[in-house]
Structures are given as structure tokens and as C-alpha cells.
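Trainee: Sharing a sequence plus its predicted fold:
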Amino acid sequence: MEADLWCMRIVLVLLGFFCVIGLSAWIIQQRGGSAIPYDLAKPVEVIELPGHLLEISALTDVDSNTVACVQDESSTLYMISLKDGRVVAEYPFGGPADMEGLTRVNGDYFALRSDGLVHHLQFRLQESVFLHVVDTFRLDVPNRNIEGLGFDDRSGLVLVSPKDITKGGPTERDERILYAFDPKEPAHPCTAVLKLSLAALTEQAQAKGLAVPMRTTEKGRTVSGLKLRYSSVAVQPSTGHYYLLSAVDRTLLVVDRMGALVDLVALAPGLLPKPEGITFLSNGDLVLSSEGKGSEPVIVRYTLLPTR
């Protein structure tokens, strides 16, 4: 009798386990096969940008109807309407430069040049509104090509996502490091806040059944082609997860705050041929931007799905 009770308990535990697994799979299926609260196959808006913003390289939220962006070779802050893609204002703050990163910290903006030079920008009210360069400083990271900035409300730090990999041996080349600096600290020292392993992320993705880009070696072996060269970073408001764009892979990587893989999503090449900008609106909506690559530059908006 006692043995029968134990068997029944084991059966009930297993049934509960498989029900949970099945429910999780159903939730992911309802969300278009994704573990994140967005259906990246169904944007709510696709906004074509003016032709002179062909190389939009970064964006950040301003309010529920507006984003700010920068583009390659121009030290200008553009304010873009999310209703129609119209440029509602332009604020030059320097000469020609390879501007690659942008984030808003309260009312201030931080714009990143690809060589690590950051412009701290503030709006000043005098006879007219203009953008003032409060400070410039260089990020003390070992990378030479840096493309992403993103403000983390939870920590109060500005995240820094390098595009190039760290030089060194196999261990160093496998690392994908996310840095951060305190915008209130005058010296702005950078510290590593998250160290990821490309090999470990690839294994996690394959274990989850996620699609990983593959390539064939000269010897005919099929291996992972995932590069993860970060082009932008943002923090999802409700979960605190890190969302990292890799334009070279046309991939969105999502990890939790400990670095565990949440999702790896291949973005549609026809819609986002070169995705370089990412931000979140106050309501949780996800906004991506893509440079024009044989097509018009676009901003794409995805609605935050309700929690199930």
C-alpha cells in the first residue's frame, strides 16, 4: 500500500512538471516562438525615415511620441516623431564625426563617437533652445570600436557595449564584455558589469532550440557563425533584462542581469537590414532602427505583450 502511494506521488510530480513545461512552451508559441514579451514578426509600426538619415546609428526615447537619434558622420541630435517619422528638430553639437551611440539620462544626453569619445549634452534655454556640450570624456575600455550606450534605470549607470572583441588569446576573444560608467562621477571610470562567453551563449541557445547562425569552414565543417559584435544596448523596463543588438549577425541577444540567456532572435533582413539602434518607451514598447542598406532607413515599433 505504501509503495503504491509513493508511485502515485511520483506520477503526480511528473505530471505537474510536464504541465509546467507544456504551459511554458504554449506561452512561447503564443508569442511567436519567443521568450521575450514582444512578437518581432509583427511590428505595430514601420516608419520610413527621411533620406538624409540613411545611416541612423543609435536612438533613445524622449517621450511616448518622440525618439532622438544620431547618425554616422554627423554630430547632430535629431528629434524624430514616432507618428510619421518627421524630423521635428535638429541640434548640431560638433563637426563631422562617426557618431555611433546615444542615450538619455533624465534630461541630459550622452552621445558616443566610435573611438570612445563621449559628449555630455544639455539643453539650455536663452533666447532660443540650443544644445550645449557640457563635457567630453574618453571611455577607459580596451576596445577601439565602441557603438552602444544605454541608460540602466535600476543601477543608475550608463551601459557601454563595444563592437570589437578584446585582443588576446582564445579566452579573451571569446569574451563579450558589457561595461558601465556613472554619469554623476566626474572622472567617469568604466567597470565591467557583465562578462559573457560567446561559446557558452551558443551552447545555451542550441540547448534551448534557438536558431544560431552557422557557417562552413574551409575543411567543410559546419560550425557556429555567431559573432555578437554589439551595435547597441538597452534595458527592458519591467524585467531589467539586457537587450543587445548585433548588426553584423542581424541578431537580438537578450540576457538576464546575471548573464543567463533569455532569447536569441534573428531579425528579418527585409525589414531590418542593418539594425543599429534600440530603445524602450515608457509604456514598455520596443523600438528598433535600421540604417538604409539598399532600402529606406526605418524605425520599427513593437508593442509590449500582456503578461500571461
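Mentor: That came through, no problem.

Trainee: Which parts of the stretch 1-150 of the chain are strands?
Mentor: 45-48, 56-63, 66-71, 74-81, 87-92, 99-105, 108-113, 117-125, 129-138, 146-152 (DSSP state E, counting those that start in this stretch).

Trainee: quick one: buried residues of the second one?
Mentor: Read that as strand 56-63. Residues of strand 56-63 classed as buried: I56, S57, A58, L59, T60, D61, V62 (neighbour count, 16 or more other C-beta atoms under 10 Å). Every C-beta, even on glycine, is put in place using the N, C-alpha and C of the backbone.

Trainee: what does that strand rub up against?
Mentor: Contacts with strand 56-63, where a contact means C-beta atoms under 8 Å, 6 or more residues apart in numbering, come from 49, 67-72, 79-80, 99-104, 109, 112, 147-151, 231-232, 276-282, 287, 289-291, 297, 299.

Trainee: Buried ones among the residues you listed?
Mentor: 49, 67-72, 80, 99-104, 109, 112, 147-151, 231-232, 276-281, 287, 289-291, 297, 299.

Trainee: quick one on the thing from earlier: which one of the buried residues of strand 56-63 is nearest L139?
Mentor: A58 (14.9 Å; C-beta to C-beta).

Trainee: any idea of the pLDDT on the closest residue to the closest one other than its chain neighbours?
Mentor: Once flanking residues are discounted, A58 sits nearest to L102: 4.0 Å by C-beta to C-beta, 6 or more residues apart in numbering. You'll see L102 listed with a pLDDT of 98.

Trainee: For the stretch 151-300 of the chain, give me the ranges with low pLDDT.
Mentor: Under the criterion pLDDT under 70, no range of the stretch 151-300 of the chain is flagged.

Trainee: now the strands: where do they sit in it?
Mentor: Going by DSSP E, counting those that start in this stretch, the stretch 151-300 of the chain shows strands at 157-162, 175-181, 191-197, 214-216, 222-224, 232-235, 242-246, 251-255, 261-266, 275-280, 286-290, 298-302.

Trainee: Same list as before, the ones you listed that is, but in CSV and with distance to L139 included.
Mentor: Formatted as CSV, the strands of the stretch 151-300 of the chain follow (distance: least, C-beta to C-beta, whole Å):
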stretch, distance to L139
strand 157-162, 6
strand 175-181, 7
strand 191-197, 11
strand 214-216, 31
strand 222-224, 29
strand 232-235, 14
strand 242-246, 17
strand 251-255, 21
strand 261-266, 26
strand 275-280, 18
strand 286-290, 22
strand 298-302, 27
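
Trainee: Can you tell me which of those is nearest to Q204?
Mentor: Judging the strands of the stretch 151-300 of the chain by C-beta to C-beta, what sits closest to Q204 is strand 261-266, at 4.1 Å.

Trainee: Name the surrounding residues that touch the closest one.
Mentor: Residues from elsewhere that reach strand 261-266 (C-beta under 8 Å, 6+ apart): 34-36, 40, 201, 204-205, 208, 210-213, 241, 249-256.
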